[in-house]
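Asks: Quick one, structure for this:
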Amino acid sequence: MVKRKDVLGCLPKPGKKIDIPTLMKKLEKKGIVTHTETKKVYRILDGLINENFLERLDNRNFRVIDLESMLDSLKIMIKKCEKNKTFSEWGSSSGFISNPIAEGVFFGIDEKTKLNDWQDLGFRILVERLASIFSAMQELLLSQDQIPDYSSQYTRELSLELLAYYLGQRAGDDHDGMVQSELILQIIKISKNIQKQNLMHIEEFEEFESYLKKIQSWKNLEPEYKKPKNKEQFGLAIIPGNYIINPDVGPERSILEKIQWAIEENKTPENITASLVTWYYYKDVISVLKKYEGYLTMDITKKVKDFYDRIENGFKVIYCLYDIAYCFQVIDGLKNKKLKVGFYDDCGKYVGKENTTGIFFISDGFFVTSDRPIGSMHFIRDAKQIKRKQFYESILAKTIDLLNKTFHKFGIDSCIRDAVFTCDIKLTISPNFKLDDFDWDVVLKEMGYQSAKNDLKHWENLGKKDAKNFVEKWLDRSS
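Replies: Residues are numbered from 1 along each chain as shown. Take a look at the predicted model:
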């Protein structure tokens, strides 16, 4: 009968792999096991996995754990903390939108652990420094520089940490760092020498001083000392932002987290839509909603998708209409010679056919020729380059064609209603849109609509009503 010691005698050295067929052959050669004892072998292997002797790679393959390997020790810690549900995820130092430069996991800490005010202050400061130092370390160790890059993040963080390194590790009577009280006093002295107006806004400096005062006040407290629980099981893993590790995922994770959190908090579809539109592009949100259809609450996600469709359609109509109006304006100006081909500065003064003034000119930024996702801010044309009439006639034809397709697909009534709705919900990215800005006789004639002008006011009122209802439910404090 096969025993635990028999299986152990057939396993390779620490860190090496073995598969079930190889293991069974070794046991059979020793005359230890028969085919009827396969289940017993699997039970022994399961026991060795639970004892952190083996790591299961898949149903057929295993690896002997190397206790001298930090990676294997980390795997053991992760397994323990997963089993006990004692881990907490973190992210800090957000970059564009919601992409943290570093994030990770604390092991040995329950995700539901509540921090009081002083703990929260310490956590926020330390974790932000942790993320910045990690990012600098990553840049330093992966650097291809032959000499240090003075403008690099590793130079910046090293400069900042030199002071902490000296005061914390090298100062003091025994070169083991200053005593706590003297350390705080030295930091306060240094802070008083900072030129407030040159280094930071006064509000931020006052916040910095308030942090110092809070930390200094801790010495007046006399808490009963309690040894940290499971200190030996506390661990930390740091990785770059998930969007770097899984670039194909894109913003999927953050969109999904935001939707799931909002559903758990009983937020309205209007509230969810408003928060998503502010940060995420249409194609990314719709992709997530389609992928998780049926997994997320159907009635809420359907309403979110419907709102997103309306806002997307509203953006498209608004941008097309303003591009049409702008093309009409420029073409008329070139025809009646009020405009000339060349450059105009931001005061409207003609510079000439060549830009010899060094003024920065914004590109035309037409919607139909742009690769910008809908929902991004449309270019404001201040400093302009006026091109030849044929250029604007081509843009005009393309834009009219796109708007015509949109009108035929959704109906001109829904399109105008969506445009007004998109503007009137007044999100931070809502464009300014007024029906009165357009010569509707000309626009509708170009679009092939002869009898729609009298209905514009009615469609506008419907759009405003929709927007009012949306905002009321979006801001509903009871939701």
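Asks: so how far is stretch 24-32 off the chain centroid?
Replies: 54 Å (C-alpha atoms, centre = their mean, to the nearest Å).
Asks: What is the longest helix of the chain by residue count?
Replies: helix 298-335 (DSSP state H).
Asks: for that one, packing partners?
Replies: Here helix 298-335 touches helix 252-264, helix 269-279, helix 282-291, strand 384-386, helix 389-410, helix 412-424, helix 440-447, going by 3 or more C-beta pairs under 8 Å, 6 or more residues apart in numbering; DSSP states H and E. For every residue, glycine as well, the C-beta is placed using N, CA and C.
Asks: Let me know which of those is tucked in deepest.
Replies: helix 412-424 (a mean of 23; mean count of other C-beta atoms under 10 Å).
Asks: okay, the angle between it and helix 440-447?
Replies: Going by axes from the mean of the first three to the mean of the last three C-alpha atoms, to 10 degrees, helix 412-424 is angled at 130 degrees with respect to helix 440-447.
Asks: Need the three-state assignment for the closest residue to P14 other than its chain neighbours.
Replies: Distances taken as C-beta to C-beta, 6 or more residues apart in numbering place D66 nearest to P14, at 3.8 Å, with adjacent residues excluded. When classified by DSSP: H, G, I helix; E, B strand; the rest coil, D66 comes out as coil.
Asks: any idea how far D66 lies from K302?
Replies: Per C-beta to C-beta, to the nearest Å, D66 is found 52 Å from K302.
Asks: A164 too?
Replies: 53 Å.
Asks: for V288, what are its contacts?
Replies: By C-beta atoms under 8 Å, 6 or more residues apart in numbering, the contact set of V288 is 252, 255-256, 259.
Asks: make it 7 Å
Replies: For V288, the contact set (C-beta atoms under 7 Å, 6 or more residues apart in numbering) comprises 252, 255-256.
Asks: Looking at the residues you listed, which has the smallest pLDDT value?
Replies: Lowest pLDDT of the contacts of V288: E252, 84.
Asks: Spatially nearest residue to that residue (excluding sequence neighbours)?
Replies: In space, and not counting its chain neighbours, E252 is closest to V288: 5.6 Å by C-beta to C-beta, 6+ apart.
Asks: Check the gap between that neighbour and L256 for me.
Replies: Taken as C-beta to C-beta, the span from V288 to L256 is 6 Å.
Asks: With L142 instead?
Replies: According to C-beta to C-beta, L142 and L256 sit 30 Å apart.
Asks: same thing with L212?
Replies: The gap separating L212 from L256 is 40 Å, by C-beta to C-beta.
Asks: next one: M1
Replies: 51 Å.
Asks: same deal with E161?
Replies: 36 Å.
Asks: What of I32?
Replies: I32 sits 50 Å away from L256, going by C-beta to C-beta.
Asks: for W474, same thing?
Replies: Counting by C-beta to C-beta - W474 and L256 are separated by 21 Å.
Asks: where does this structure have low pLDDT?
Replies: For the chain, the stretches flagged by pLDDT under 70 are 93-100, 194-204, 220-232, 248, 250, 357-364, 371-383, 428-430, 477-479.
Asks: per-domain residue ranges of it.
Replies: Structurally, the chain divides into domains by automatic domain parsing as follows: 4-68, 83-240, 278-474.
Asks: So which of the ones you listed is the most surrounded?
Replies: Comparing the domains of the chain by mean count of other C-beta under 10 Å gives domain 278-474 as most buried, with a mean of 16.
Asks: Can you give the distance of that domain from its chain's centre?
Replies: Here domain 278-474 shows a centroid-to-chain-centroid distance of 27 Å under the convention C-alpha atoms, centre = their mean.
Asks: what about the helices in the stretch 101-250 of the chain?
Replies: Using DSSP state H, counting those that start in this stretch, the helices of the stretch 101-250 of the chain run over 117-141, 153-165, 180-192, 196-199, 202-217, 242-245.
Asks: Adding distance to D323, write those helices out as CSV.
Replies: Shown next, in CSV, are the helices of the stretch 101-250 of the chain (distance: least, C-beta to C-beta, whole Å):
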stretch, distance to D323
helix 117-141, 41
helix 153-165, 41
helix 180-192, 53
helix 196-199, 44
helix 202-217, 41
helix 242-245, 33
